[in-house]
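> Just need the structure, nothing else, for what follows:
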Amino acid sequence: MKRHPALLRILVVVALVCLALGFGLSPMFFTEPDANPAPASATFDVGTNTDAELARLFQEQASDTQVSGSGTVSQLLADDDDGSRHQRFIIELNSGQTLLIAHNVDIAPRLDGLQVGDKVSFYGEYVYSDKGGTIHWTHHDPQGQHVAGWLEWNGQRYQ
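Next comes the predicted model:
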């Protein structure tokens, strides 16, 4: 029986692909990850939250709710270096409600050069505070257990 090295190589490659697919890996596993993947929630339309909905969350003192929106930076704060480092700043919505953005810079890139007056869009988790609320989880989750969030500023997404 004559051996066919090219055929053997093709069979090995096919076997490896089948093995990878059998473990739930897709061909994307073998490519470079997208530098700016879409938010992890397939059912959440990022444009659906309005200032009124964020005001409702504040009035109800709700927490742990995925939200999106945008506002204007009204104040830059010092980083929170207690535990994971967070870049912190206050944004004001069109409604006048303010939100503290707490962006984990140990996981996601810092918004270097951010200034008062800049517009920032966000997708993250709302937590009630008596000053309007806090948005955190504005980054991916390295453990893959939390919905990935992001900030957008100057045409770039930070996650």
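
> Could you report the neighbour count for residue 147?
As a burial measure, the neighbour count of residue 147 was computed by other CB atoms under 10 Å and equals 15. (Glycine included, C-beta is placed from N, CA and C.)

> Give me the three-state assignment for it.
Judged by DSSP: H, G, I helix; E, B strand; the rest coil, the three-state class of residue 147 is coil.

> For residue 83, see how far away it is.
Note on residue 147: its distance to residue 83, by CB to CB, to the nearest Å, is 21 Å.

> burial count for residue 131?
Tallying neighbours of residue 131 according to other CB under 10 Å, which is how burial is gauged here, yields 12.

> Okay, the residue nearest to it when sequence neighbours are not counted and residue 135: tell me how far apart.
Closest residue to residue 131 apart from its sequence neighbours, by CB to CB, 6 or more residues apart in numbering: residue 98 at 6.4 Å. The span separating residue 98 from residue 135 equals 11 Å under the rule CB to CB.

> The two: which has the busier surroundings?
The neighbour count for residue 98 versus residue 135, taken as other CB under 10 Å, is higher for residue 135 (26 against 17).
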